[in-house]
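Visitor: Curious how this folds, go ahead:
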Amino acid sequence: MVQYDGSNVSSQTDAILAEAGFDPSSVQSVVVASQLRSLLEQRQQWLNVLGQGYQDYQRKLGELDSTTTESVTLTNQYRKLIDRHVTWIRSGDPISLDDVRNLGDGLAALFDFRRSSELGYTIKQKWQANPVGGIGLLLWIVLISLARWRTKSWLIDIGSRKRMRDSTPDARKLATGVLTTLVAVAYPMLLYVVARWLGSGVVSELTLQTSSGVYGASLVAMVVEVPRQLLRSYGYIDKYVGIELPGRERATAYLIIIGFGLVLAAYVVTLTGLLDHGMWRDSVARFGFILAMLVVAWTAHLSLRPTGGFLEPFIAKFGGSVIHRVRFVIYIAGIGFPLSMIALSSLGYGYTANEFVQRAIITLVSLMIAATLWSGVKIVSAHLWQMLTGTASPQQYDEYGRIPSGQTAGTQVTGVLGEHFLELKHHLAFLCQCALVIGAIVCFGWLWIDVFPNVRMGNPVVWTVQDTVNVSSLDAAGQTVTSSVVQTTPITAMHLLLAAATLFVAFQLAKLLPALFDALVLQRVSFDEGMEHFTLVLGRGLLFGVGALLASQWAGLRWHTIQWLAVGLAIGLGFGLQDMVRNLFGGLIVLFEKPARLGDLITVGRVTGRVAAQKFRTTVLSDDEGREVIIPNKNFVSEDVVNWMGAGRLNVIPIEVAVNRDERPADICRTLQELVIDQPDVLLTPAPQATLVCVGKTSQRIEVRAWIEEGQDPSRFRDSLLKIVKQFLREKGLLVANQPAQPAMREASEEEMLSGNYRSRTSRTRKRSA
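Guide: This next block holds a predicted model:
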């Protein structure tokens, strides 16, 4: 801040004169004071002009920043538009007689020794500038070569049964698939390492062009090496596919010769296509590309022809009868693709044809590698599932060695738990297959969508959503100001598709994850069955709720847009769907309060049965005749509910003992409960109960109730249990001499249970009413 800014002229003038030591009454002071006032007024004007100029400057900076932001956004949009359509921009002139005339000069220029000397000089400079990188390149070449030699020897030894002789066929198949893939990627990896070294560090235009050519050669080498390694002797197809391919050795030799020519053609075509001279790009590169595509078309003809084709047995076995009948379509597509690429290159769309070929190679290689590893993925998944669920059968041996797992009975989980595991396995496999298919479709679309830019037009805007967002900006004073801006977000058909996919995934996960947690965790620990069921229901609801929220975000459903719809639904629920609301709240009471647990025999109104399932809206009861009765959960609130603990298929064992008063009743009851639970035939659900009956001057009576399954002798079991309890109390010094008489046991008849009139002491009931 300026000390004397002219804001108060008189006081600042007096202050300046006082600091200078002028006498205010002298004539000289008056003259000086007049001049100071004039200067201060001018300073004030100048400061005001400077402040206004600074504010204008800040405003111009803000406008410039906004303009720059809009310019960058517009530039990105134009760049995106150009990138979408650059594939179909003509890169050269159509083929003509001039290209044929220039072919000889182009070949002569291609093999000019000066290019080789220039490349050698550049490589020498690269080595001198970074010798560590050059040594690293040599080490990579040696390591990859040694790794290929080692994996190839392992592959042949496994195929000839010299290695992994005692292993299972699945293990050998898994190892063969992995080793075949590693051997197939070795040579392309060598070319990739060389291309990467040429394109990094000290480079020149020629080394960059050579690097691109080697990159192209590595890509073509991949599409040649994968089928060659699959067809080799003692390889994957020879040992594990089970198809007799006529002429397999001849096809392998053909791939070696043709593959070398295609790799060399890829290097030459890519290199000459990057040069600036038209006679090279439009003659040598184009004719080399056409010749390579003709070779590819001839190879496709030999492999895919409908009658006598090399791959016809493959199509017949894996394609099914329908695809085998229309195999001529595959043949037309196989030879039509290279011929169409020839047509594009002849019309001047050389760049477009190269892009198509690169994407086709990546797609074909990915499919072949995925098909090679798919069996191994299934084998590993099955092994992991067996380890996770504990259903793996032990290995068995005979005099000939290990018996395959499919020929042994094993110790697999059977019964309800085994069926549950099998259902979960199929459900999990279905979800994994769906995820793989969706992932493959996404990768395929991401790879090919730039080639077909008009495909994006098939994603129209369905509606728009206005969201309020906070935007930070700088004001004239340079301070950050946050303001609310309404932003319009378009919701396209792809967003709706993603919302539907999210709901589907949420629904499937809501079914799978709680059931998987139940099978892998809850079934292996001592956990209350009712709480287990409540946990699973709550987990399903939470998972589906999260999925529904994510789907709402994708679809553009905001609370401020659906709040009136929610109000209308609430009013409709209040008037028209009262019973459903009662059922939902009754379901919450059933799940939280648990008046009846799974397996309990209950009577709701006039319906008697065992609880088979508890849901948010209904409860399923099953009777002895196999019928299932669906009870609305509101009946648990509005009607009487009788829980027959120990009735029906269970027998209750009541005993009474008298103990001294040295211990608290609660401690004695807990100790007796733990003792009874440890007995082998006592059920955990319903759990044994110990209660205080009465307290005398010197003793107290404890009643213990336990439940056993129907089919045992209740009287004999009670005598045995009473003897165990008395012996335990006698050892603790708690048993008194005078023991009470034991309560009578009586089993309920079927008519009494169905009528709900059974109320004896031997069958404790829990009655709940509204």
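
Visitor: only C-alpha atoms for contact and neighbour calcs from this point on.
Guide: Fine.

Visitor: Name the helix or strand for Val32, please.
Guide: Assigned by DSSP states H and E, Val32 belongs to helix 27-85.

Visitor: to the chain's geometric centre, what's the distance from that helix?
Guide: 53 Å (Cα atoms, centre = their mean, to the nearest Å).

Visitor: helices or strands next to that helix in the packing?
Guide: Helix 27-85 sits against helix 9-20, with contacts defined as 3 or more Cα pairs under 8 Å, 6 or more residues apart in numbering; DSSP states H and E.

Visitor: tell me which residues in the helix it packs on are buried?
Guide: By 16 or more other Cα atoms under 10 Å, the buried positions in helix 9-20 come out as Val9, Gln12, Thr13, Asp14, Leu17.

Visitor: Next one, pLDDT for the first one please.
Guide: Model confidence at Val9, given as pLDDT, is 78.

Visitor: Which residue comes closest to it once chain neighbours are left out?
Guide: Distances taken as Cα to Cα, 6 or more residues apart in numbering place Arg37 nearest to Val9, at 5.9 Å, with adjacent residues excluded.

Visitor: so where do the strands sit in the stretch 551-700 of the chain?
Guide: 601-604, 607-614, 618-622, 628-632, 641-645, 650-660, 689-695, 699-709 (DSSP state E, counting those that start in this stretch).

Visitor: tell me which element the most centrally placed residue in the chain falls in.
Guide: By Cα atoms, centre = their mean, the chain has its centre lying nearest to Ala435, at 7.4 Å. Using DSSP H and E, Ala435 sits within helix 415-448.

Visitor: Show me what that helix is packed against.
Guide: With contacts defined as 3+ Cα pairs under 8 Å, 6+ apart, helix 415-448 has these neighbours: helix 350-389, helix 493-520.

Visitor: list the buried ones in stretch 175-190?
Guide: 175-190.

Visitor: Can you pull out the residues in contact with it?
Guide: Contact with stretch 175-190 is made by 140-141, 144-145, 148, 151-152, 154-155, 158-159, 217-219, 221-222, 225-226, 228-230, 235-236, 369, 372-373, 376, as judged by Cα atoms under 8 Å, 6 or more residues apart in numbering.

Visitor: With stretch 26-34 instead?
Guide: Counting by Cα under 8 Å, 6+ apart, Thr13, Asp14, Leu17, Phe22, Asp23, Pro24 sit against stretch 26-34.

Visitor: repeat that for 10 Å
Guide: Residues from elsewhere that reach stretch 26-34, judged by Cα atoms under 10 Å, 6 or more residues apart in numbering: 10, 13-14, 16-17, 21-24, 35-36, 38-39.

Visitor: Alpha carbons only: can I get stretch 204-214 in CSV?
Guide: Extracted as CSV, the C-alpha positions of stretch 204-214 are listed here (Å, rounded to 0.1, in the frame of the first residue of the first chain):
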residue,chain,number,x,y,z
SER,A,204,17.3,-40.9,-36.7
GLU,A,205,14.5,-40.9,-39.3
LEU,A,206,15.8,-44.2,-40.7
THR,A,207,16.0,-46.0,-37.4
LEU,A,208,12.5,-44.9,-36.6
GLN,A,209,11.3,-46.2,-39.9
THR,A,210,13.2,-49.5,-39.4
SER,A,211,11.7,-49.8,-35.9
SER,A,212,8.2,-49.5,-37.3
GLY,A,213,9.1,-52.2,-39.9
VAL,A,214,10.3,-54.6,-37.3
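
Visitor: quick one: it to chain centroid distance?
Guide: Centroid separation for stretch 204-214 versus its chain: 39 Å, with Cα atoms, centre = their mean.

Visitor: So for it, what gets flagged as buried?
Guide: Ser204, Leu206, Thr207, Leu208, Gln209, Thr210, Ser211, Ser212, Gly213, Val214.

Visitor: Using the record's assignment, carve this structure into domains.
Guide: The chain breaks down by automatic domain parsing into domains covering 9-74, 97-386, 440-557, 649-747.

Visitor: hey, least reliable of those domains by pLDDT?
Guide: Among the domains of the chain, domain 440-557 scores lowest, with a mean of 76.

Visitor: what about the helices in the stretch 251-400 of the chain?
Guide: For the stretch 251-400 of the chain, the helices defined by DSSP state H, counting those that start in this stretch cover 278-279, 286-304, 312-318, 320-325, 327-346, 350-389.

Visitor: The strands of the stretch 551-700 of the chain: which one's closest to Leu103?
Guide: For these, proximity to Leu103 was assessed by Cα to Cα; strand 607-614 is nearest, at 81.5 Å.

Visitor: Excluding covalently adjacent residues, which one is nearest to Thr87?
Guide: Of all residues not flanking Thr87 in the chain, Thr352 sits nearest, at 5.2 Å (Cα to Cα, 6+ apart).

Visitor: follow-up on the earlier one: for Leu255, state which of the buried residues of stretch 175-190 is nearest.
Guide: Using Cα to Cα, Ala184 is the member of the buried residues of stretch 175-190 that lies nearest Leu255, at 13.0 Å.

Visitor: State the phi and psi torsions of that closest one.
Guide: Backbone torsions of Ala184, given as degrees, to the nearest 10, read phi -70, psi -30.

Visitor: can you check Ser26 too?
Guide: Residue torsions, per degrees, to the nearest 10, at Ser26 are phi -80, psi 160.

Visitor: wait, what's in contact with Pro129?
Guide: Quick fix: residue 129 reads Ala, not Pro. Shown in contact with Ala129 (Cα under 10 Å, 6+ apart): Ile123, Gly201, Val202.

Visitor: Surely the first one touches Thr210?
Guide: If I follow you right, that is Ile123. No - applying Cα atoms under 10 Å, one finds Ile123 not in contact with Thr210, separated by 11.2 Å.
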